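Asks: What follows is a predicted protein model with its sequence.
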There are 2 protein chains.
Amino acid sequence: MQTDVYLIGTGQTRFGEWWGKSLKNLMGEAVDAAMEGAPCSALDIDFIVVANMLGETVSGQAHLGALASSFLPHRPPAIRVEAACASGSVALHTACALLESGRAETVLVVGAEKMTDAPTDAITTALMGAADGELDAPSGLTFPGIFGLIAERYMHEFGLTREQLNIVSSIHHRNGVSNPFAQFRQEIPAESIGASPLVASPLRLLDCSPVSDGAAACILSTKFPGKFRIAASQMSTDTVSITERPSITSFSATKDAVVRAFEEAGAEQNDIAHLELHDCFSIAALLALEDLGFAEPGRGIQWYEEGGSMTVNGSGGLKACGHPVAATGVKQLIDIKKQLTASGQRWGMTHNFGGAGATCAIHILEHAYA
Amino acid sequence: MQTDVYLIGTGQTRFGEWWGKSLKNLMGEAVDAAMEGAPCSALDIDFIVVANMLGETVSGQAHLGALASSFLPHRPPAIRVEAACASGSVALHTACALLESGRAETVLVVGAEKMTDAPTDAITTALMGAADGELDAPSGLTFPGIFGLIAERYMHEFGLTREQLNIVSSIHHRNGVSNPFAQFRQEIPAESIGASPLVASPLRLLDCSPVSDGAAACILSTKFPGKFRIAASQMSTDTVSITERPSITSFSATKDAVVRAFEEAGAEQNDIAHLELHDCFSIAALLALEDLGFAEPGRGIQWYEEGGSMTVNGSGGLKACGHPVAATGVKQLIDIKKQLTASGQRWGMTHNFGGAGATCAIHILEHAYA
């Protein structure tokens, strides 16, 4: 970062099924929670970036920037950004640019999604908007299908077994037990993952992150210093269609973004104490660990089998926390802040992608007093 | 602007009914056209901002940033932004911040919309996503209805007659005749405007901008200097719901943004040689002229009755050019560049809003050699 950008306020709703709350209600709750602990007043917010993917299709509501702006008495300028499931972290990236440009000194980022009002088939179709409508969708593929293909190919290439894959979701669920904001807070034994209903072979129900409602908000500032600094904000892009990739067991956007993120932060893999990665499906967690450089290709599972000094999805990840699409990237940063506060460590990383890794955004948070 | 941002490339599709072209096709055409005349190569583009509102609802396609990125061989990072009908200019604003932050040196902005694939009732419903789903939509209001109320109230307050209002669309259509990219290129006499079918009293069919497909692209750069500089990029926000406004015959977001835009550019109303304003409905043109400070409240019609040294919607505006929602703000900047080139004048302005003026973005373009 060319200018020091601090994370000075955080707040979120619990993720889950919030039938009685609208997208606006959820955003409002997260904003209130973020403002509550922040050292600035509402009037210090001079720009708002809202992340959202499904507002138009599920709630008939676009124009969420202006809608969120009405939460604050002076209604600062506001925009909405979208990059499918990476929308939240892409909003953080946009906020960083606004701050570094000097156009804003304190920016509110809100990621929000309302999904459970729509039936599963409608949500599955709407989520396919993250894929290429001309190259991927006509085949009948859905995202569980796409990641099923990825898992199948990964097992073929690297010999990963179904029993090994079971461990991933099981550990994420175990981590989620102590997170009061997680949608699911129960332990699920590895055997139960493999015994859950088949969704898209080899992926089963408990390999998949759930459909969720929720919102998360972060306040970033160059004006109010704090203990947490955004040390890197990088994003990268790959083909949207998986049909145009040389490989589907590695995401080049992740590999590209992480190199630039470490360069920007002046840190390296060994420095990261806490990682929140994008486990929309269990297999995606293994690809992420490998593409981020924490494991060799095909060896991501070792992190789950053997553990390590770095915590991975200590919050419970998308699997246990829930995945209200555009809220996820924002919520990951909140969790890293909590984990660094608890551990006293210096560096944490968030990894958030959209589609089958077509957009990847990575943030590194530095705990200044560590 | 803290850094000089130049407009170095422009291109668009003709706006209209493009049943044989997808959103991706339209974006591609506009990008090719913008690249063709630009002094940079495709590889110089280091960020893409796509503006789009209706991709998910009409085309089932989100994630348009990554999709547009695939047009370029190196697939630069890309995001999509949305602020209803102001999406295009809000994308330009976001691009300016990215450039001023130093994170990018050359940014491609693409505004694109595909509307004619959906039936009118579906488009009308989707466009209501720009209003407040909890406060405006339940009344059964549509945007023609909202602007019908505004026109009714304006006539009541200021004594504007139906005959006077007829002149607005008639002049925009006359201007559009010479624009090869306009959807409608025929003159329409003022009497025909007032004789067209009633849509939402007192507004008639020819008071309304049409449903359109189209795309427009601009390349902005801090690295490649050019003859055209973005002298100001400002945006402002008002309540989304018209039920929360003290007045509906004036838009405070426009008034606020224009003050800051003139301050940023170091210019004033008398300097502007060409104005492209947001005439989604004829009545909106009168509000805009007044809120921008070019006319006293209630006197906007005088610009159309008497003319002036400044050209207003020389392109034909939204009425004659068509209004593919998110393409409009980008296309307005292209038209101002053309007009400044032709006239040799120094300053031009674009005025683009979303909803009933809930988001307003204003750009001032300076012709350096004038």
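Replies: Happy to help now that I have it. Numbers count the residues shown, from 1 in each chain, chains lettered A, B, ... in the order given.
Asks: hmm, who's touching stretch A:26-40?
Replies: Stretch A:26-40 is contacted from outside by A:8-13, A:18, A:21, A:42, A:50, A:64, A:67-68, A:71, A:106, A:108, A:110, A:112, A:114, A:213-219, A:221, A:223-224, A:226, A:327, using CB atoms under 8 Å, 6 or more residues apart in numbering or on different chains. All C-beta spots, glycine's among them, are computed from the backbone N, C-alpha and C.
Asks: Setting the sequence-adjacent residues aside, check what's closest to A:Trp18.
Replies: Leaving aside its sequence neighbours, A:Trp18 sits nearest to A:Asp213 (CB to CB, 6 or more residues apart in numbering or on different chains; 4.2 Å).
Asks: what about that neighbour, neighbour count?
Replies: When neighbours are counted by other CB atoms under 10 Å in any protein chain shown, A:Asp213 registers 27.
Asks: That one: what's it in contact with?
Replies: Taking CB under 8 Å, 6+ apart, we find A:Asp213 in contact with A:13, A:15-18, A:21, A:26, A:113-117, A:324.
Asks: quick one: which of those residues has the most company?
Replies: Busiest of the contacts of A:Asp213 [other CB under 10 Å] is A:Pro324, holding 35 neighbours.
Asks: Now for that one: which residues touch it?
Replies: A:Phe15, A:Gly111, A:Ala112, A:Glu113, A:Lys114, A:Met115, A:Ser212, A:Asp213, A:Gly214, A:Ala215.
Asks: those strands in the stretch 1-150 of chain A, which residues are they?
Replies: Along the stretch 1-150 of chain A, counting by DSSP state E, counting those that start in this stretch, strands occupy A:6-12, A:47-51, A:78-82, A:106-113.
Asks: Nearest residue to the middle of chain A?
Replies: Chain A has A:Gly329 as the residue nearest its centroid, 3.2 Å off, counting by CA atoms, centre = their mean.
Asks: I'd like the distance between that residue and A:Cys280.
Replies: According to CB to CB, to the nearest Å, A:Gly329 and A:Cys280 sit 12 Å apart.
Asks: Do the helix or strand hosting A:Ile364 and chain B come into contact?
Replies: Per DSSP states H and E, A:Ile364 falls inside strand A:359-367. Yes - Strand A:359-367 lies within reach of chain B by CB under 8 Å from any CB of the partner chain, at A:Thr359.
Asks: pLDDT weak spots in the stretch 1-150 of chain A?
Replies: Across the stretch 1-150 of chain A, the ranges flagged by pLDDT under 70 are A:1-2.
Asks: ok, back up a step: and the contacts of A:Pro324, which is closest to chain B?
Replies: A:Lys114 (10.8 Å; CB to the nearest CB).
Asks: Ignoring the adjacent residues along the chain, who's closest to the closest one?
Replies: A:Leu23 (4.5 Å).
Asks: ok, now how distant is A:Phe353 from B:Gln12?
Replies: Taken as CB to CB, the span from A:Phe353 to B:Gln12 is 32 Å.
Asks: higher neighbour count, these two?
Replies: Regarding A:Phe353 and B:Gln12, a neighbour count based on other CB under 10 Å identifies A:Phe353 as having more, with 33 against 26.
Asks: How much space separates the more buried one from A:Met235?
Replies: Distance check for A:Phe353 against A:Met235: by CB to CB, it reads 10 Å.
Asks: intersection of neighbour lists for those two?
Replies: Joint contacts of A:Phe353 and A:Met235 (CB under 8 Å, 6+ apart) are A:Ala86, A:Thr359, A:Cys360, A:Ala361.
Asks: Among the residues you listed, find me the one that's closest to chain B.
Replies: Using CB to the nearest CB, the shared contacts of A:Phe353 and A:Met235 come closest to chain B at A:Thr359, 4.9 Å.
Asks: Just list whatever residues bridge to the closest one.
Replies: Beta-bridge partners for A:Thr359, by DSSP bridges, are A:Thr237, A:Gly354.
Asks: A:Val107 now?
Replies: Under the criterion used here (DSSP bridges), A:Val107 is bridged to A:Phe47, A:Leu220.
Asks: for the stretch 151-300 of chain A, what spans make up the strands?
Replies: Using DSSP E, counting those that start in this stretch, the strands of the stretch 151-300 of chain A run over residues A:198-200, A:203-204, A:214-221, A:228-237, A:272-276.
Asks: which other helices and strands contact the second one?
Replies: Put plainly, it is strand A:203-204. With contacts defined as 3 or more CB pairs under 8 Å, 6 or more residues apart in numbering or on different chains; DSSP states H and E, strand A:203-204 has these neighbours: helix A:143-158, helix A:190-195.
Asks: Give me the contact list for that strand.
Replies: For strand A:203-204, the surrounding residues in contact (CB under 8 Å, 6+ apart) are A:144, A:147-148, A:151, A:193-198, A:281-283.
Asks: which of these are the two that sit furthest away from each other?
Replies: Farthest apart among the contacts of strand A:203-204 by CB to CB are A:Phe147 and A:Ala195. That separation is 19.3 Å.
Asks: who's more crowded, these two?
Replies: A count of neighbours by other CB under 10 Å puts A:Phe147 above the other of A:Phe147 and A:Ala195, at 25 against 12.
Asks: give the contact list for that one.
Replies: A:Ala200, A:Leu203, A:Cys280, A:Phe281, A:Ile283, A:Ala284, A:Ala356.
Asks: Skipping its backbone neighbours, what lies nearest A:Gln12 in space?
Replies: Once flanking residues are discounted, A:Gln12 sits nearest to A:Ala216: 3.9 Å by CB to CB, 6+ apart.
Asks: on that earlier part again, show me just the buried residues among the contacts of A:Phe147.
Replies: Buried members of the contacts of A:Phe147, counted by 16 or more other CB atoms under 10 Å in any protein chain shown: A:Ala200, A:Leu203, A:Cys280, A:Phe281, A:Ile283, A:Ala284, A:Ala356.
Asks: thought A:Ile45 was touching A:Val110?
Replies: No - in this structure, A:Ile45 is not within contact of A:Val110 by CB atoms under 8 Å, at 10.8 Å.
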